[in-house]
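1. 3D, please:
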Amino acid sequence: MIACFGDSITVGSPGKSYIKYLKNKNEYLNYGKGGDTLLGVTNRIEKFLLDSSCNKFIIEIGANDILLPFLKNHSKKWIPVVNSKERLGSIITVNKEDFIKNYEKLLCLLKDKEIKVVTMPCLGENLESQLNKKVDEYNEIIKNLCSNYRINLIDFNLWQKQIIKSRGNYSNYFIKKNPFYVTLDSLLTTYLNFTSLISKKRNLILTVDGVHLNEYAAKGLANLIEK
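-> Below you'll find the predicted structure:
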């Protein structure tokens, strides 16, 4: 079995999970957790390894260490949501120096395992945004660490950029200031399968809200993993 640890991109809510589109998908275990962070995943994997002999992992994490602080500043309505996630273990790494240290700790935790690491996704389909510039900086950290530890890297972020650039225009649609709409999007996309319709309505190509994957992007990530 292959354990897939990550955040809402792995869970597939809102939107779709890449795991759904993998061949032999029953061999993959979905350990995604909405809103989870680098430290949150590391702590969950530590506990998981105590009782599991699983030797294969796919890791997709880090975006919420950037996104959650942004959302707290984006709207006061997000503050209690983000604070609640931290109380439940999704602790935010607040600077690049600590991110390097904490990501290295995660990789060392799995040093005897077969692992694949997925880069952070784009945060918004406007590639020139400050959020995506920060994502680029953090992805460079991930790439360098994977290179140093000779770990297979799946550059999903690069694939996203190529698709978005090929379209020729960027959508500025992003997660709403009221977190209620994320819950509503989960209902409409994950459970009622309106991902394509909602993406089209918002002029988005890969996501349903600027972050969470629609069916096209989830299939794209699944293909990259299988390659």
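
2. which residue ranges of the chain form strands?
-> 2-6, 28-32, 56-60, 114-118, 152-154 (DSSP state E).

3. off-centre distance for stretch 170-187?
-> Offset of stretch 170-187 from its chain centre (C-alpha atoms, centre = their mean, to the nearest Å): 16 Å.

4. can you list contacts of that stretch?
-> Contacts to stretch 170-187, defined as C-beta atoms under 8 Å, 6 or more residues apart in numbering, come from residues 13-15, 71, 74-75, 77-78, 81, 124-128, 164, 198, 202-205, 208-212. The C-beta positions use only the backbone N, C-alpha and C, and glycine is treated the same way.

5. buried ones in it?
-> Going by neighbour count (16 or more other C-beta atoms under 10 Å), the buried part of stretch 170-187 is 170-171, 173-176, 179, 182, 185-186.

6. quick one: which of those residues is nearest Leu107?
-> Ile175 (29.0 Å; C-beta to C-beta).

7. reformat the strands of the chain as a markdown table; add mean pLDDT.
-> Shown next, in a markdown table, are the strands of the chain (pLDDT from 0 to 100):
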| stretch | mean pLDDT |
| --- | --- |
| strand 2-6 | 98 |
| strand 28-32 | 97 |
| strand 56-60 | 98 |
| strand 114-118 | 97 |
| strand 152-154 | 97 |
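
8. now the ones you listed in CSV, with distance to Leu106 and mean neighbour count?
-> Converted to CSV, these look like this (distance: least, C-beta to C-beta, whole Å; neighbours: other C-beta atoms under 10 Å):
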stretch, distance to Leu106, mean neighbour count
strand 2-6, 9, 23
strand 28-32, 14, 20
strand 56-60, 7, 23
strand 114-118, 9, 20
strand 152-154, 14, 16
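
9. can I get those in CSV with distance to Arg87?
-> Converted to CSV, these look like this (distance: least, C-beta to C-beta, whole Å):
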stretch, distance to Arg87
strand 2-6, 20
strand 28-32, 19
strand 56-60, 23
strand 114-118, 27
strand 152-154, 31
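
10. who wins for proximity to Gly40 among those?
-> strand 2-6 (9.7 Å).

11. distance from the closest one to the middle of the chain?
-> 12 Å.

12. going forward, begin numbering at 679 instead of 1
-> OK, 679 is where the count begins now, so the last one is strand 680-684.

13. what packs against it?
-> Packing partners of strand 680-684 (3 or more C-beta pairs under 8 Å, 6 or more residues apart in numbering; DSSP states H and E): strand 706-710, helix 716-729, strand 734-738.
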